[in-house]
Structures are given as structure tokens and as C-alpha cells.
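*Asks:* What follows is a predicted structure for the sequence shown.
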Amino acid sequence: MSENVYAGVAMTRRAAYMYGANLERSPTGQVSTGLGIATSSGSVGLIAPTKDITRTGQEETIDGVRIVFQVTPGTEAPAEMNFYFPDRRALCMAENATHNLHNLLTLRGALVRDPRTWSRYLNEAIELFAAGSDVAFASHHWPTWGTQNVIRYLSQQRDLYAYLHDQALRMLNNGATGLEIAEDLPLPPGLEAAWHTHGYYGSVSHNLKAVYQRYMGWFDGNPSSLWQHPPQAAATRYVEVIGGQQAVLAKARAYADAGDLRFAAELLKHAVFADPGDAAARDALAGVYQRLGFGAENATWRSFYLTGALELRHGVKPPPVSDLGAGMAGALTIEQLFDSLAIRIDGPRAATESLVIDWHFTDTRVTLRLALSNGALIQTENPRTRAAADLTLTLTKPQLLGLLAGHGLDGIEHTGDPAALSKLMGLLDAPDPAFPIITP
């Protein structure tokens with residue numbers, strides 16, 4: 001959940017592309033998300049757990065149903081577990097095994113998942129539960145019936161993630177970059193022939209790039225990649241070198257006519273970034289994106305292409321104003337709530353400002369100090385130093401939630417200068433939930 005807390009606006013904006021949120025539900029628009037038909041349209045919340053599952057093999061009886069747990073951290077999610085129902089010979093694989101290749105890195109953005117760990121936990125699930133299972137099911141998709149079918153299914157899923165991990169490492173250790181690895185590595189015939197290993201949601205291409213990113217980062221080792229121009233500055237230079245906007249459009253159309261939609265999109269991307277007001281360039285790129293979308297097996301790739309085409313033709317549709325909601329915000333720790341302030345500090349504007357606010361929480365019996373230092377909001381739990389605070393607040397976590405919701409200091413005991421809090425809030429930057437993606 002942490003990446004959603006810290007990069008929530010950017011991830012939400014890109015999720016609109018990934019899931020085709022603004023596309024028409026039709027054969028030429030959004031038809032699937034790859035993992036399911038559509039994302040949930042219900043309210044978002046988080047129920048605090050009443051029992052912790054801390055180890056593999058832990059058994060609990062809930063409403064008379066025996067459940068044996070397998071803890072699988074660092075697989076599809078940082079905290080994940082599988083459930084085995086021994087009295088019913090049924091195995092729930094959460095999202096660790098679905099009827100497609102899952103994401104090692106979601107296109108909306110997240111931390112890169114570890115396919116090595118993922119594969120090993122799948123192997124452990126086979127060892128622990130498969131022989132005693134008549135059915136395997138998951139949070140998404142349909143069940144797999146029959147013990148031998150369950151074993152085959154889980155084994156192929158296990159081999160899939162291990163193969164992507166190990167082959168990406170083999171190739172990068174031979175000097176291949178992420179782009180080269182993603183272009184050149186086929187799946188073994190035995191995996192290619194299985195429907196549930198196909199890239200309807202994740203893809204071999206972007207998952208291999210994710211493995212490279214996990215181990216090697218963004219840099220491909222070529223010195224020319226160290227200090228590249230940002231997209232708009234690079235685009236104007238490429239367009240100039242090629243001979244101007246009209247020359248770029250002509251060459252891009254020629255590549256598109258020849259069936260090389262990938263390079264046509266690359267050229268037209270530069271044309272749009274060099275001159276966002278060029279209607280011909282925007283329309284040509286939208287057409288190429290549409291063709292790429294219609295040809296994509298992967299549902300999330302399709303949604304990205306078609307949403308790009310939609311926004312080139314009709315502009316960005318501002319998303320409805322949304323926040324974490326009371327259910328989610330209440331589930332965050334106080335540290336996470338203060339972190340959500342820290343990542344909104346306008347560093348250049350706050351660089352020469354300073355303030356100290358002490359927060360005494362009576363319900364958690366913790367004191368947290370927020371100090372603005374060199375443009376960074378530093379958080380210290382139970383500080384040992386006796387530095388004087390500009391403002392000291394005595395409150396509960398629910399009162400903090402009310403304060404952050406705009407209720408001010410109503411009912412909150414405080415000493416010192418309340419202007420320190422106003423100063424802090426005045427240095428927060430409001431994120432843009434409709435920032436441009438396919439234009440500068």
C-alpha cells in the first residue's frame with residue numbers, strides 16, 4: 001500500500017491509462033483490463049485486521065472453517081499470503097497465480113516485484129498443498145479443477161517467473177540492456193503453449209525490462225544516457241535534425257504505411273512534443289496509437305495506446321476529485337500521514353524557511369517532531385533534544401485527520417504560535433491529477 005500513499009496522484013493518473021477509465025466500453029474501446037473485465041467502482045476502504053498471520057503453516061479456524069496459511073511476502077504484493085482449506089481440499093492462491101502472466105512492474109507505476117522470490121513461493125505452495133488439492137482458485141479468474149491439473153498449472157506459473165528472472169540476469173550479465181533483453185527473449189515452447197502464461201495483463205516485454213530495472217536501475221551503462229535532454233528539449237532537436245515538422249510527418253507516415261508502427265509512433269511523439277499545437281501531428285500519432293492498440297494482445301497496452309489516442313484528439317479529461325477517503329486515511333499510520341505532507345513540500349520555496357512543531361498524541365502515547373530544514377520536512381519520534389518548538393500540539397490521531405481535512409485546531413490543545421502550522425500548510429504543493437502524459 002505504501003507506494004499508493006506516496007505516489008498516489010501520479011499512479012492514479014497513469015492508472016486511467018492502464019485500465020482505460022475514460023474509454024468507451026465497446027469493441028473499439030475498453031474491453032478488458034487483462035486481469036478482469038473492469039476495476040471496482042465501489043468505495044475504497046481498509047478494515048483493520050483482528051488477527052495477524054505471521055508464519056507459513058499457521059492454522060486458524062474461522063466460522064468453523066479450517067485455514068492453513070502460506071506467507072509469501074515480496075511476491076505479487078509486499079505482504080501476500082495463500083490460503084489452504086484442508087477439509088475442502090481447496091487452495092486459494094491470492095494473486096500469486098492467475099490465468100495470465102502478472103505484472104512484475106505495473107504500468108501505472110509501483111516498486112518492481114521479485115520474480116525469483118515469487119517463483120520459489122509457488123514451488124513451496126506446490127510442495128505444501130498441491131497434492132492435497134482438488135481445486136485451485138485465486139482473487140481473480142476461474143478455478144483449476146483436478147489435482148494433476150493444479151500441479152501442472154502451478155508448475156508452469158512457477159517456471160514462468162523463474163525463467164523471466166534467470167534469463168534476464170543471464171542476458172544482462174552478457175551486456176544486454178533492458179530494451180535488448182525484452183526484444184530478443186522468447187518463452188520456451190511448453191510455456192508459450194499454455195494459455196495462462198500469456199501476457200494479457202503483464203507482458204514478457206515490460207516484465208523483462210522490470211527485472212533489468214530491479215537489478216541495474218534506469219541507466220543502461222552507455223555514457224550518452226547519463227545526461228539526456230528531457231522529452232520536449234530532445235524532441236525539438238530531433239525534429240530539427242530530421243528537417244522540420246513536415247519532414248517528420250512524412251517519414252512517420254511512410255513508416256506507418258510500411259507497417260512499422262513502433263518507429264512511426266517514436267517519430268510522431270517527437271513531432272507532438274516539439275509542437276503540441278500541430279493538429280496534423282497529433283492526429284497522425286493518434287491514428288498510429290489506435291492501430292497499435294487494436295493489435296495489442298495485452299489489455300493494459302491496449303488501454304494505454306487507446307487512451308493516448310483519445311487525449312490527443314479530445315484533450316485530458318480531468319478526473320473527479322478524490323482522496324484516500326476516511327476508511328483509507330484512518331488506516332494509515334501517523335508516520336505515513338506526515339510523510340504525505342513531506343512529499344508535498346515545495347522544496348525550492350521552503351529552502352530558506354525553518355519551523356519546528358511538536359505533536360503529542362495522547363492515544364498512541366507518542367510524540368513526533370516535524371522540523372523544516374533545508375526544504376525537507378524531517379520527522380523525529382520521541383525526540384531527545386530539548387530544542388524549543390514553535391508550536392506544540394496535544395491531540396489524538398482522529399483529531400490529526402480532522403486537522404488535515406481542513407478543520408483547523410478546533411478542540412486541539414496547543415501552546416506556541418499557531419502561525420507555524422499555517423506556514424507549514426502554505427508551503428505544500430497541490431498535485432495535479434490531470435497532468436499531461438502524451439504532450440509536454
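*Replies:* Cool, the structure landed. Residues are numbered from 1 along each chain as shown.
*Asks:* which strands and helices sit next to the longest helix along the chain?
*Replies:* Counting residues, the longest helix found in the chain (DSSP state H) is helix 147-172. Other helices and strands packing on helix 147-172, by 3 or more CB pairs under 8 Å, 6 or more residues apart in numbering; DSSP states H and E, are helix 115-129, strand 135-137, helix 178-184, helix 189-192, helix 204-216. C-beta: built from backbone N, CA, C; applies to glycine.
*Asks:* Pull out the buried positions in that helix.
*Replies:* The neighbour-count check on helix 147-172 (16 or more other CB atoms under 10 Å) flags 150-151, 153-154, 156-165, 167-169, 171-172 as buried.
*Asks:* Over to stretch 368-384?
*Replies:* Across stretch 368-384, burial judged by 16+ other CB under 10 Å covers 368-372, 377, 379.
*Asks:* Of those residues, just say which sits nearest to residue 254.
*Replies:* residue 377 (52.6 Å; CB to CB).
*Asks:* helix/strand/coil for that closest one?
*Replies:* strand (DSSP: H, G, I helix; E, B strand; the rest coil).
*Asks:* So in terms of bridging, what pairs with it?
*Replies:* Under the criterion DSSP bridges, residue 377 forms beta bridges with residue 372.
*Asks:* In contact with it, which residues?
*Replies:* Shown in contact with residue 377 (CB atoms under 8 Å, 6 or more residues apart in numbering): 338, 341-342, 345, 370-371, 424.
*Asks:* Pick the one among the residues you listed closest to residue 190.
*Replies:* Within the contacts of residue 377, the smallest distance to residue 190 is 48.8 Å, found for residue 342 (CB to CB).
*Asks:* Would you quantify the distance from the closest one to residue 60?
*Replies:* Relative to residue 60, residue 342 is positioned 38 Å away (CB to CB, to the nearest Å).
*Asks:* Helices along the stretch 201-350 of the chain, start to end?
*Replies:* Listed in chain order, the helices of the stretch 201-350 of the chain (DSSP state H, counting those that start in this stretch) span 204-216, 231-242, 245-257, 261-274, 279-294, 299-314, 325-331, 334-342, 347-350.
*Asks:* residue ranges with poor pLDDT in the stretch 251-400 of the chain?
*Replies:* Within the stretch 251-400 of the chain, the stretches with pLDDT under 70 are 320-327.
*Asks:* So which of the helices and strands packed on helix 147-172 is nearest residue 287?
*Replies:* Distance to residue 287, taken as CB to CB, is lowest for helix 204-216 among the helices and strands packed on helix 147-172, at 22.5 Å.
*Asks:* buried stuff in the closest one?
*Replies:* For helix 204-216, burial by neighbour count (16+ other CB under 10 Å) applies to 204-214.
*Asks:* Let me know the closest of those residues to residue 140.
*Replies:* Residue 140 lies nearest to residue 207 out of the buried residues of helix 204-216, by CB to CB, at 17.3 Å.
*Asks:* Hmm, residue 20 is touching residue 28, no?
*Replies:* No: contact criterion CB atoms under 8 Å: residue 20 and residue 28 do not qualify, at 11.3 Å.
*Asks:* To what extent is residue 340 buried, counted in neighbours?
*Replies:* Neighbour count of residue 340, defined by other CB atoms under 10 Å: 17.
*Asks:* what's the spacing between it and residue 363?
*Replies:* According to CB to CB, residue 340 and residue 363 sit 19 Å apart.
*Asks:* and what of residue 101?
*Replies:* Distance of residue 101 to residue 363, computed by CB to CB: 45 Å.
*Asks:* more neighbours, the two?
*Replies:* For residue 101 versus residue 363, the count of surrounding residues by other CB under 10 Å is larger for residue 101: 24 against 12.
*Asks:* pLDDT at that one, what is it?
*Replies:* pLDDT recorded at residue 101 is 96.
*Asks:* Quick check: it touching residue 192?
*Replies:* No: judged on CB under 8 Å, residue 101 makes no contact with residue 192 at a distance of 11.2 Å.
*Asks:* What count of nearby residues applies to the nearest residue to residue 236 once chain neighbours are set aside?
*Replies:* Sequence neighbours aside, residue 274 is the residue nearest to residue 236 in space, at 4.6 Å (criterion: CB to CB, 6 or more residues apart in numbering). By other CB under 10 Å, 24 other residues sit near residue 274.
*Asks:* Same question for residue 146.
*Replies:* Using other CB under 10 Å, residue 146 has 13 other residues around it.
*Asks:* sorry, back to before: so between residue 342 and residue 60, which is more surrounded?
*Replies:* Higher neighbour count among residue 342 and residue 60: residue 342, with 15 against 12, using other CB under 10 Å.
*Asks:* OK, contacts around that one?
*Replies:* Each residue near residue 342 by CB under 8 Å, 6+ apart is listed here: 376-377, 379.
*Asks:* That one and residue 293: what is the separation?
*Replies:* The gap separating residue 342 from residue 293 is 38 Å, by CB to CB.
*Asks:* So the protein: which segments form each domain?
*Replies:* With domains defined by automatic domain parsing, the chain comprises 49-216, 231-295, 333-426.
*Asks:* okay if I get the ones you listed as a markdown table plus distance to residue 433?
*Replies:* As requested, the domains of the chain are exported to a markdown table (distance: least, CB to CB, whole Å):
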| stretch | distance to residue 433 |
| --- | --- |
| domain 49-216 | 13 |
| domain 231-295 | 20 |
| domain 333-426 | 13 |
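*Asks:* The ones you listed: which one's closest to residue 436?
*Replies:* Shortest distance between residue 436 and the domains of the chain, using CB to CB, is found for domain 231-295: 8.5 Å.
*Asks:* Could you single out the nearest of the buried residues of stretch 368-384 to residue 283?
*Replies:* Of those, the one sitting nearest to residue 283 (CB to CB) turns out to be residue 377, at 45.0 Å.
*Asks:* Thought residue 253 was touching residue 267, still the case?
*Replies:* No: with contact defined as CB under 8 Å, residue 267 does not count as touching residue 253 (9.2 Å).
*Asks:* So which of those two has more stuff around it?
*Replies:* For residue 267 versus residue 253, the count of surrounding residues by other CB under 10 Å is larger for residue 267: 27 against 17.
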